[in-house]
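Novice: Below are the sequence and a predicted model for it; my questions follow.
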Amino acid sequence: MIAKIDIQTMRRIPWRDNTPFFTVDFVSADYSPLHVCPRNLLKRVIEDLKQNGFQAFSSVEYEFYNFKGTQNLFSMYF
């Protein structure tokens, strides 16, 4: 799975020395949106509503993970 950074979501994490943080969209090998990515699903629903004359008002809570370096994550647990 490829994580494509959305530059427009850049913000800083104050409790981590203002480390930059970005939200990502998950895409397939050809960079087309993956349907299982919640952000891609939300974008599609918003576009469908817009094309039918509606506007979405919502709030979203993101789950997020922070990864450090290129350490083998599997070895962290076993």
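Specialist: Yes, it's here.

Novice: Name the helix or strand for the residue nearest to the spatial centre of the chain, please.
Specialist: Geometric centre of the chain, nearest residue: residue 24, 3.1 Å, by Cα atoms, centre = their mean. Element membership for residue 24 (DSSP states H and E) is strand 19-27.

Novice: angle of the helix or strand just after that strand against strand 19-27?
Specialist: Downstream of strand 19-27, the next assigned helix or strand under DSSP H and E is helix 38-51. Going by axes from the mean of the first three to the mean of the last three Cα atoms, to 10 degrees, helix 38-51 is angled at 70 degrees with respect to strand 19-27.

Novice: give me every residue that touches residue 14.
Specialist: Contact criterion Cβ atoms under 8 Å, 6 or more residues apart in numbering gives no residues in contact with residue 14. For the C-beta atoms, the positions are set from N, CA and C on the backbone; glycine is no exception.

Novice: follow-up on the earlier one: check which helices and strands the strand holding residue 24 is in contact with.
Specialist: strand 2-13, helix 38-51 (3 or more Cβ pairs under 8 Å, 6 or more residues apart in numbering; DSSP states H and E).

Novice: And the spatially closest residue to residue 34 that is not a sequence neighbour, how far from residue 13?
Specialist: The spatial neighbour of residue 34 that comes closest, neighbours along the chain excluded (Cβ to Cβ, 6 or more residues apart in numbering), is residue 26 at 4.6 Å. Between residue 26 and residue 13 the distance, using Cβ to Cβ, to the nearest Å, works out to 21 Å.

Novice: The two - which one has more neighbours?
Specialist: Neighbour count, other Cβ atoms under 10 Å: between residue 26 and residue 13, residue 26 has more, with 16 against 11.

Novice: what sits opposite that one in the beta ladder?
Specialist: residue 3 (DSSP bridges).

Novice: thinking it is in contact with residue 32, fair?
Specialist: No. Counting by Cβ atoms under 8 Å, residue 26 stays clear of residue 32, with 10.8 Å between them.

Novice: Spatially nearest residue to residue 46 (excluding sequence neighbours)?
Specialist: Spatial nearest neighbour of residue 46, excluding adjacent residues (Cβ to Cβ, 6+ apart): residue 56 at 5.0 Å.
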